[in-house]
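J.: Any chance you can model this:
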Amino acid sequence: MAYLFVALTILLTVYGQLVLKWQVGVYPHLISQPFSLQNIATLLLKPWVISAFAAAFGASLCWMAAISKLPLSRAYPFMAVNFFLVALLASWLFREHLDAYKIAGTAIIMVGVLVLSRSVG
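T.: Model prediction:
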């Protein structure tokens, strides 16, 4: 069950990041200069932005459940999966450039996660 909570944390976090990227792309004028509290408030009240913040809150709840059952040193390395998923999905959804350096760096992170997950204790 603990790993289900870790997976939910990852999925909700990735969802939130992708939705926020999408929404600031849809409404770039709301975060452009000059800085305006009214523009930020308008953006924060968009339904998709609210859903992204709700996902972040849900991810926090799942994370608390996960670390109540797993040592933090065992659970935390799995958060690196966020790098992989966000990079992959951002390249697909937003046409962000995914070059050899980003792929290699992400692969190194994933290998590190595998090594750390094999740790006993």
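J.: buried set for the longest helix along the chain?
T.: Of all segments of type helix in the chain, defined using DSSP state H, the longest is helix 2-26. Of the residues in helix 2-26, those scored as buried under the neighbour-count criterion (16 or more other CB atoms under 10 Å) are 5-6, 8-23. All C-beta atoms are positioned from the backbone trio N, CA, C, and that covers glycine.
J.: residue ranges with poor pLDDT in the chain?
T.: Applying pLDDT under 70 to the chain flags the ranges 33, 119-121.
J.: any chance you could map the helices in it?
T.: Defined through DSSP H, the helices belonging to the chain, from first to last, are 2-26, 37-44, 47-69, 72-75, 81-93, 100-117.
J.: Tell me which of those helices sits most buried.
T.: Greatest average neighbour count among those goes to helix 2-26 (a mean of 18), per mean count of other CB atoms under 10 Å.
J.: so what secondary structure elements neighbour the longest helix of the chain?
T.: helix 47-69, helix 81-93 (3 or more CB pairs under 8 Å, 6 or more residues apart in numbering; DSSP states H and E).
J.: Residues contacting that helix, please?
T.: With contacts defined as CB atoms under 8 Å, 6 or more residues apart in numbering, helix 2-26 is touched by 30-31, 43, 46, 48-49, 51-53, 55-56, 58-59, 62-63, 65-66, 69-70, 75, 78-79, 81-82, 85-86, 89-90, 93-94.
J.: before we move on, what about stretch 68-87?
T.: Applying CB under 8 Å, 6+ apart, the set of residues contacting stretch 68-87 is 1-3, 5-6, 9-10, 13-14, 17-18, 66-67, 96, 98, 102, 106, 109-110, 112-113, 116-117, 119, 121.
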